[in-house]
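> could you work out the structure for the sequence below:
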Amino acid sequence: MLTHGILNAQLAHALAGLRHKDLFVVSDCGLPVQPGIEVIDLAVAFGVPRFEQVLDALQPELILETGLMAQEAQGAVAESWVRDRFAVRLEYVPHDGPEGFKTRVKDAKFVIRTGETTPYANVLFRCGVPF
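Sure thing, here's the model as predicted:
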């Protein structure tokens, strides 16, 4: 049995399969996900686990290049949760619309669904490499 790191088997497997330039999402509990995209559903109840708790667990495990968030998240607490944990260049698009965040989710390998209820607590990360 693992004693540290990511203990959720589905999440650990998905993270181990990430390669350079792959995309994945960490989302609040309400983000719509298009059919065919794997959802790793960590949500137990509203607020459990928190978006920031999942970011904390992911931070030591990954090398990331960029993050994409909704423009509506700029200046909000969800943006600070991402900025405080990851030294990535953040880009912004509208939450809705043909080029919006919800539409961009279709490019992700998987979505990690948290129990977060804070508006716009969603980020699309692009993986980097450690060399």
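> which outside residues touch stretch 58-77?
Residues from elsewhere that reach stretch 58-77 (Cβ atoms under 8 Å, 6 or more residues apart in numbering): 5-6, 15, 18, 21, 26, 78-79, 82, 85-86, 88-95, 100-101, 104, 112, 118-130. In short, each C-beta sits where N, CA and C put it, glycine included.
> now do 6 Å
79, 82, 85-86, 88-92, 94-95, 101, 120, 123-126, 128, 130 (Cβ atoms under 6 Å, 6 or more residues apart in numbering).
> just the pLDDT at the residue positioned nearest the centre of the chain, thanks.
Centrality entry for the chain: nearest residue to the mean C-alpha point is Val26, 1.9 Å, by Cα atoms, centre = their mean. With respect to pLDDT, Val26 scores 98.
> quickly note the distance from it to Arg85.
11 Å (Cβ to Cβ, to the nearest Å).
> and Glu52, by the same measure?
Computed as Cβ to Cβ, the Glu52 to Arg85 distance reads 8 Å.
> between those two, which one's more packed in?
Neighbour totals were compared for Glu52 and Arg85, and Glu52 leads with 20 against 15 (other Cβ atoms under 10 Å).
> for that one, which non-adjacent residue is closest in space?
Trp81 (4.5 Å; Cβ to Cβ, 6 or more residues apart in numbering).
> quick one: the one you found is in a helix?
Yes. Counting by DSSP: H, G, I helix; E, B strand; the rest coil, Trp81 is found in a helix.
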